[in-house]
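[1] Fold the following and give me the result.
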Amino acid sequence: MALKKLEQQLEKYWLGELSQVEESQFKSELQANRNELSGELRQMAEWFEGHEDAKQKLSLGDDFDQNIMKEIHKKSQPKDKWNWMKVAASVLVIMALGFFAWWMPQQQEQRQLAQEEQKAYQEAKATLELMASMMNHGKKHLSSLEMINTAQEKVKNTFQPERKEKKKGQDG
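    As a prediction, this is how the structure comes out:
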C-alpha cells in the first residue's frame, strides 16, 4: 500500500501538484523505504539523496557576498572614460559622410553635363543632316542651271565674233 501511495505522490511531483510539506514527506518516505523500492522510485530516492549530499557539501564562505559585490562594482565602472576607438570611428564616419555629400552633387552635375552635351550633339547632327539634304536637293536644280549656263556660253561665243567685227568696222 505504501508503494502505491509513493507512486501517486511521484505522479503529483512530476505534475508539480505537491505542496512543500507533501514534497518533504515524499522525499523522507523515499529515503526510508529506499532498499524496498525499484525502478523509477528507486532512481528518485538515489537522486534526492545525492542532491542532499551535494547541498551539504556545497557551502558559501562568509566573504562570498563581499567578493561578488566587488566583481559587480568592477564591471559596472567603465575602464576607459574615452574609448578612443569609438571616437576614431565616429570621426571616420563623419568624414565619409562629408566626402559623399561633396562628391555626389559633382557626379550629378557631370551626368547632367554629359546628357546636355549628347543632346547638343544630336541637335547639331540633325541640323547638319537637314542642311545637307537641302543642299543636295538644290544641287539637282543647279545642274539644270548649269546646262542653261553652258547653252548661254555657246550662244554668246557664236555671236560675239560678229560684235567684235562690228566694233572694228565702226572704229575704223
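[2] Okay, domains of this protein per the record?
    Using automatic domain parsing, the domains assigned to the chain come out as 1-54, 90-172.
[3] among the ones you listed, which gets the worst mean confidence?
    Lowest mean pLDDT within the domains of the chain: domain 1-54, a mean of 78.
[4] deepest of the domains of the chain, which one?
    Most buried of the domains of the chain, by mean neighbour count (mean count of other CB atoms under 10 Å): domain 1-54, with a mean of 13. Every C-beta, even on glycine, is put in place using the N, C-alpha and C of the backbone.
[5] could the domains of the chain go into CSV alongside distance to Ile68?
    Formatted as CSV, these follow (distance: least, CB to CB, whole Å):
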stretch, distance to Ile68
domain 1-54, 21
domain 90-172, 35
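[6] Am I right that Glu29 is in contact with Leu6?
    Yes: using CB atoms under 8 Å, Glu29 is in contact with Leu6, at 6.2 Å.
[7] any idea what sits nearest Leu37, other than its immediate chain neighbours?
    In this structure, Leu37 finds its nearest non-sequential neighbour in Ala45, 5.8 Å apart by CB to CB, 6 or more residues apart in numbering.
[8] How much space separates Asp53 from Ala126?
    Relative to Ala126, Asp53 is positioned 101 Å away (criterion: CB to CB, to the nearest Å).
[9] what do you get for Met147?
    33 Å.
[10] Repeat that for Ala88.
    Applying CB to CB, the value for Ala88 to Ala126 is 57 Å.
[11] How about His137?
    Distance, His137 to Ala126, by CB to CB: 16 Å.
[12] distance of the residue nearest to Ala2 when sequence neighbours are not counted from Glu40?
    Among residues not flanking Ala2 along the chain, Asn33 sits closest, at 6.6 Å (CB to CB, 6+ apart). In this view, Asn33 and Glu40 are 14 Å apart by CB to CB.
[13] Same check on Lys5?
    Distance, Lys5 to Glu40, by CB to CB: 15 Å.
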